[in-house]
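Q: Below: sequence and its predicted model.
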Amino acid sequence: MSLFEMLASKPVDFVGIGTYLDSLPSDARIRELQTIPGRLQARLWELAEGQRALTIDHFVPANVPHRTWIRHYGRNSLPMFSDFEKRFARPKKDARELWGYNHGPTMGLVGPGYFIVRKGAGNEGELDIDYYRTPAEQIEGGPKIRSNTFGLSFFVYGKMVDVMRGVSQHVTVGRAYKFGKETGNYFLLCRQEIIG
């Protein structure tokens, strides 16, 4: 049974979804996420509440050297530019937050959408991707840091927080909040396979 079929069935086996995703090779896991439309992303978001606590180690495992970018392949619920990446790095060895940005074909137009990942302000076990804040300094390999308060960046990333919930060892589901209010925008992220 595919991820799409698992999410479309009733009742949905959330634990089974995590087990299934963990069993797949990295490329197959990413392909599965790319089949999931917005309505099923929203369903997975609801199912994930309180199920699998997240720490920053999910996005950048503790064994990864600090200031190393880790790619997360994404699929969002928007009608266009649905496939994207978020890239995360630990700014220093003992950091309690991560720095990151959005990588994709629209980056030159709307900016990289830099953010800080921190403990969630809402439910226990959630993390926030906070676009109100940007990294304090450049990390090699990332685009130039730009504020999310000017130009087209403001309309895409300004006044936004993505709330993240865990699904499996590599997969998270997020929901965008603008100006502190829920939106109907969801997305899935899958961390690249870490070798070694």
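A: That came in fine, so what should we check first? This structure is a prediction, so every number in the text was calculated from the model and none was measured. Residues are numbered from 1 along each chain as shown.

Q: Dump the C-alpha coordinates for the helix or strand of the chain with the lowest mean pLDDT into CSV.
A: Every helix and strand of the chain was ranked by mean pLDDT, DSSP states H and E. The lowest is helix 107-110, at a mean of 88. The C-alpha coordinates for helix 107-110 follow below in CSV (Å, rounded to 0.1, in the frame of the first residue of the first chain):
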residue,chain,number,x,y,z
MET,A,107,14.7,32.0,-4.7
GLY,A,108,16.1,34.7,-7.0
LEU,A,109,12.7,36.4,-7.1
VAL,A,110,11.4,36.2,-3.6
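
Q: residues making contact with it?
A: Contacts with helix 107-110, where a contact means C-beta atoms under 8 Å, 6 or more residues apart in numbering, come from Gly113, Pro143, Gly151, Leu152, Ser153, Phe155, Val156, Tyr157. All C-beta atoms are positioned from the backbone trio N, CA, C, and that covers glycine.

Q: Mind picking the two most distant members of these?
A: Spatial extent of the contacts of helix 107-110 (C-beta to C-beta) is set by the pair Pro143 and Phe155 at 18.5 Å.

Q: Tell me which of these two has more neighbours.
A: A side-by-side neighbour count of Pro143 and Phe155, using other C-beta atoms under 10 Å, places Pro143 first with 16 against 11.

Q: Tell me the secondary structure of that one, please.
A: Classification of Pro143 using DSSP: H, G, I helix; E, B strand; the rest coil returns coil.

Q: any idea how far the closest residue to Leu44 other than its chain neighbours lies from Gly166?
A: Distances taken as C-beta to C-beta, 6 or more residues apart in numbering put Val173 closest to Leu44, at 4.9 Å, once the chain neighbours are dropped. Between Val173 and Gly166 the computed distance is 8 Å (C-beta to C-beta, to the nearest Å).

Q: which residues are common contacts for the two?
A: Counting by C-beta under 8 Å, 6+ apart, the shared contacts of Val173 and Gly166 are Ala48.

Q: Give me the contact list for the lengthiest strand in the chain.
A: The strand spanning the most residues in the chain, taking DSSP state E as the definition, is strand 181-191. Applying C-beta under 8 Å, 6+ apart, the set of residues contacting strand 181-191 from outside is 26, 29-30, 33, 36, 38, 41-42, 44-45, 58-59, 70-78, 86, 162, 164, 167, 170-177.

Q: Of these, which belong to helices?
A: Among the contacts of strand 181-191, the members falling in helices (DSSP state H) are Ser26, Arg29, Ile30, Leu33, Gly38, Gln41, Ala42, Leu44, Trp45, His58, Phe59.
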